[in-house]
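1. Please find the sequence and the predicted model below.
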Amino acid sequence: MGASSLLSVKKQLTFYGAYHDHPVNVAIHMVFVPTILWTALILCSRLPYPSFLPSYHVRINEYLAFDLNWSGWWVILNLIYYYVLEPTAAFLFTPEWVLIGLTSASFAYRPDAMKIAGAIHVVSWLAQFSGHFFAEGRSPALLDNLLGALVLAPFFVHLEILFKLGYNPNLQQSIHKSVKQEIAQIKASEAQHKKKAQ
């Protein structure tokens, strides 16, 4: 995927949307993508962090904190990328994104944080896979593009909510049209592979 594709909100969301077109699957993702993100930030907060990288910790209150570790960098860099893709949507997403980052950083200091986060993380992934295999009828995007799927999932869910509230109907229609075309191409390709296998 070229650099221009990485910076195109339409192309990125067409890729992701082709794996998330069924309304049941989309609804499941709206619930469980945030929990996967939140618990992943907690789990990754314990990863070894190189001493040569800048480190920073501030506790705002009992429920909010910020750590400049791998999880902190993930929050910062992804938010920057979202602003590149679609600035207005990213601006509207910023309060939720920051809250996820700050609450997960604070929760990570609990003695039972890894146990609780691990359990929620596993249940959330099981729900996601059930949505793909039973509702969507195909494998999830992460099996084709792991990093792209993990980066795009929260922003895709956010945009789906915005679209339902009437945000940027021209962009919604354009992405929806591209998604349908992409799905048609995928199904045609799968049909050809089945014919060759027979």
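-> Sure thing, it's come through. Owing to the predicted nature of the structure, the values given are computational and were not obtained by experimental measurement.
2. all helices of this protein, in order?
-> Using DSSP state H, the helices found in the chain span residues 3-6, 9-17, 23-44, 70-85, 87-107, 113-130, 146-164, 169-197.
3. Just give me the lowest mean pLDDT stretch among these.
-> If you rank those by mean pLDDT, helix 3-6 sits at the bottom with a mean of 64.
4. Chain neighbours aside, what residue packs nearest to the residue most central in space within the chain?
-> What sits nearest the mean C-alpha location of the chain, by Cα atoms, centre = their mean, is A153, with 2.1 Å. Among residues not flanking A153 along the chain, V33 sits closest, at 4.8 Å (Cβ to Cβ, 6 or more residues apart in numbering). Any C-beta I mention is one placed from the backbone N, CA and C, and that applies to glycine too.
5. thinking again about what came up before, pretty sure the residue nearest to the centre of the chain contacts F32?
-> No. A153 is beyond contact range of F32, at 9.6 Å (criterion: Cβ atoms under 8 Å).
6. what about the residue nearest to A153, neighbour count?
-> If you count neighbours by other Cβ atoms under 10 Å, V33 ends up with 22.
7. give the contact list for it.
-> By Cβ atoms under 8 Å, 6 or more residues apart in numbering, the contact set of V33 is 128, 153-154, 156-157.
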